[in-house]
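Colleague: Quick one, what's the 3D model for this:
(one chain, ligands or ions: 3)
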Amino acid sequence: MRAALYTGDAGTLAIEQLTPNPPGPRDVVVEIGASGVCHSDLSLMRGYVPLPPGMVLGHEAAGRVVEVGAKVSRVKKGDRVVASFVPSCGACWYCLREQSELCERENEITMQARGTRPGGGMYMCMTGLGTFADVMTVDEASVVKVETQLADAQLALISCGVTTGVGAALNTAKVKPGATVAVLGCGGVGQAVIQGARIAGASRIIAVDPQHLKRDVALTLGATDAVDPAKGDPVAQVQALTGGRGADYAFEVIGLPETMQTAYRLARRGGEVIIVGMARFEAQFQLPAFGIFFEQKTVKGCKYGSAQVRRDFPRFIELIETRRFDISSMVSRTLKLDAINEAFRAMEAGEVIRTVITS
Ligand code: APR
Ligand code: ZN
Ligand code: ZN
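Modeller: Ligands and ions are numbered 1, 2, ... in the order given. Here you go, the predicted model:
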């Protein structure tokens with residue numbers, strides 16, 4: 001199989017010809033149709049999370065099952081599947097309590113060597129997936145069977161961006177109709193938060209991003225206002241739009257301690273701050289000790305949009321099929337696997353909402 005690997009180089013991924021291990025009894029081999037390029041892939045390359053070199057990156061994909069192990073019961077050869085970057089075992093303490101995003105088997109399932117590299121040595125796969133490849137061998141807990149006519153290039157985004165963003169609005173925050181929402185960071189995930197807030201019936205949605213493309217797209221996807229943080233304190237700008245109070249819900253969708261603190265300030269007294277972005281492993285952010293009491297704000301972590309993937313993937317696909325969620329505006333560009341590094345360049349240059357790698 002061909003795949004794009006993190007080799008310890010923070011600047012580029014390397015395309016290598018790998019030899020996967022034969023699938024185990026609970027493994028599924030998936031031919032990847034399309035894989036989106038998310039900021040978390042770049043963050044891993046940049047050392048946000050300590051990782052051994054020799055890892056296939058990519059965690060957002062749709063494809064088709066080509067082989068299953070003897071004990072696989074959830075999918076069969078020929079099924080269309082969307083990858084779940086947190087496995088959902090369905091049987092652990094968290095999975096049984098509708099918190100499959102915290103599945104207890106995550107580490108055991110995702111931290112496996114999956115085969116060998118050309119020069120010898122094993123390789124592993126990001127989140128147990130490794131979607132920047134033509135094929136992937138994954139545990140059956142890491143895929144969800146779907147039935148839809150959507151093209152792979154659009155369906156792939158269900159796997160991370162759509163589910164994380166829409167889930168943040170509908171599951172984590174449970175945005176109320178008529179609410180005021182501020183979204184700090186309007187990349188692929190932030191745009192999905194905006195659409196989720198629109199679907200929830202928010203009456204004011206304020207997009208905050210320094211890149212003009214992101215602000216322009218946000219205004220077409222449901223944002224009612226767009227704020228450029230380069231044009232003055234974003235907190236003051238959001239307060240000016242919300243009667244001086246701030247937003248009922250403030251989402252941080254970047255992954256930096258500074259912007260997490262800004263998000264805290266964007267929320268009104270009694271409001272909610274939802275941390276969607278993935279920061280560096282060792283990073284900390286400060287909260288005002290008096291203020292958290294006096295202003296009674298709630299800070300919520302949001303992993304994978306608090307999604308129950310077997311319930312939510314079909315639900316979010318239906319939102320796309322019924323045109324309540326606009327997916328085409330989110331897929332800016334498609335590229336082949338060989339051009340993977342170009343996708344990261346375009347992401348950092350602010351030229352795209354999402355690049356999708358197609359087979
Ligand atoms: N204020 C507002 N927006 C900012 C700021 C800032 N100070 N700094 C960066 N941004 C914006 C960028 O301009 C960009 O539009 O944040 C956006 C990030 O978008 P992407 O790079 O497309 O990232 P995305 O894939 O959406 O992921 C966002 O969610 O899943 C996590 O790891 C991921 O932490 C990352 C976050
Ligand atoms: Zn992602
Ligand atoms: Zn579980």
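Colleague: So is stretch 174-185 next to ligand 2?
Modeller: No: remark: stretch 174-185 sits outside contact range of ligand 2, by CB under 5 Å from the ion, the gap being at least 13.0 Å. Bear in mind the C-beta positions are built from the backbone N, C-alpha and C, glycine included.
Colleague: so how far does that stretch reach from one end to the other?
Modeller: 19 Å (CA to CA, to the nearest Å).
Colleague: Same question for stretch 265-279.
Modeller: 18 Å.
Colleague: In stretch 161-175, which residues are buried?
Modeller: By 16 or more other CB atoms under 10 Å, the buried positions in stretch 161-175 come out as 161-173, 175.
Colleague: Can you give me the end-to-end span of that stretch?
Modeller: 18 Å.
Colleague: and it, what's its mean pLDDT?
Modeller: Across stretch 161-175, pLDDT averages out at 98.
Colleague: wait, which of the buried residues of stretch 161-175 is closest to Val181?
Modeller: Nearest to Val181 among the buried residues of stretch 161-175 is Val175, at 6.2 Å by CB to CB.
Colleague: Give me the phi and psi for the closest residue to that closest one other than its chain neighbours.
Modeller: Once flanking residues are discounted, Val175 sits nearest to Ala200: 3.9 Å by CB to CB, 6 or more residues apart in numbering. With angles defined as degrees, to the nearest 10, Ala200 sits at phi -70, psi -10.
Colleague: Verify the stated contact: Ala200 with Thr180.
Modeller: No: if you go by CB atoms under 8 Å, Ala200 and Thr180 don't touch, sitting 11.9 Å apart.
Colleague: These two - which one has more neighbours?
Modeller: Using other CB atoms under 10 Å, the more surrounded residue of Ala200 and Thr180 is Thr180, with 25 against 20.
Colleague: how close does the more buried one sit to Glu272?
Modeller: Thr180 sits 11 Å away from Glu272, going by CB to CB, to the nearest Å.
Colleague: before we move on, what about Ser142?
Modeller: Distance, Ser142 to Glu272, by CB to CB: 30 Å.
Colleague: average pLDDT for stretch 246-258?
Modeller: 98.
Colleague: can you tell me if that stretch touches ligand 2.
Modeller: No: remark: stretch 246-258 sits outside contact range of ligand 2, by CB under 5 Å from the ion, the gap being at least 10.5 Å.
Colleague: Same question for stretch 131-145.
Modeller: No: between stretch 131-145 and ligand 2, judged by CB under 5 Å from the ion, nothing touches; the nearest distance is 10.3 Å.
Colleague: do stretch 56-74 as well
Modeller: No: shown here: stretch 56-74 not in contact with ligand 2 (CB under 5 Å from the ion), separated by at least 5.5 Å.
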